[in-house]
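1. I need the structure of the sequence given here:
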Amino acid sequence: MHELHSRIRAAIRRGKVVFSVHADNRLQQRRIVRWQVVEGFEDGELLQTYASNKPDPKILLRQTLADGSQVVAVWAFVKSIACAKLVTVYFEENE
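-> Alright, predicted model coming up:
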């Protein structure tokens, strides 16, 4: 497991999660509730790591929601507040 993925997972386990305005808009558009993405993180499949992204390093994670549908979530680690941040989420087949 990549170190960045581990940091984000640890922040989520501590309940240190924030959502970008963009992510909230996309969740609403796609009728996905926040908790589904947070809960789906644990069993997600790491697709890509962007450790040098600025201002925050990011990962792409394929996740399964409670209803069985799959999404790709972009998660960041905000070092200044030691927090996981959901940047956006989308259905892979539609994007």
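2. pLDDT below threshold where in the protein?
-> 1, 94-95 (pLDDT under 70).
3. beta partners for the residue positioned nearest the centre of the chain?
-> Centroid-nearest residue in the chain: Trp75, 3.4 Å away (criterion: Cα atoms, centre = their mean). Assessed by DSSP bridges, Trp75 has beta-bridge partners Ile59, Leu86.
4. contacting residues for it?
-> Counting by Cβ atoms under 8 Å, 6 or more residues apart in numbering, Trp75 makes contact with Ile8, Phe41, Lys58, Ile59, Leu61, Ala84, Lys85, Leu86, Val87. No exception for glycine: its C-beta is placed from N, CA and C like everyone else's.
5. looking at those, which is nearest Val71?
-> Closest approach to Val71 among those (Cβ to Cβ): Leu61, at 9.0 Å.
6. apart from its neighbours in sequence, what residue is nearest that closest one?
-> Nearest in space to Leu61, with sequence neighbours left out and distances taken as Cβ to Cβ, 6 or more residues apart in numbering, is Gly44 at 4.0 Å.
7. same deal with Ser69?
-> Take Ser69 and drop its neighbours on the chain: the residue closest to it by Cβ to Cβ, 6+ apart is Phe91, 7.1 Å away.
8. would you mark the buried spots in stretch 14-25?
-> For stretch 14-25, the neighbour count (16 or more other Cβ atoms under 10 Å) marks Lys16, Val17, Phe19, Ala23 as buried.
9. please enumerate the strands of this structure.
-> Assigned by DSSP state E, the chain shows strands spanning 17-19, 45-50, 58-64, 70-78, 83-90.
10. redo the ones you listed as a markdown table? Include distance to Gln29.
-> What follows is the strands of the chain, written out as a markdown table (distance: least, Cβ to Cβ, whole Å):
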| stretch | distance to Gln29 |
| --- | --- |
| strand 17-19 | 14 |
| strand 45-50 | 22 |
| strand 58-64 | 17 |
| strand 70-78 | 12 |
| strand 83-90 | 10 |
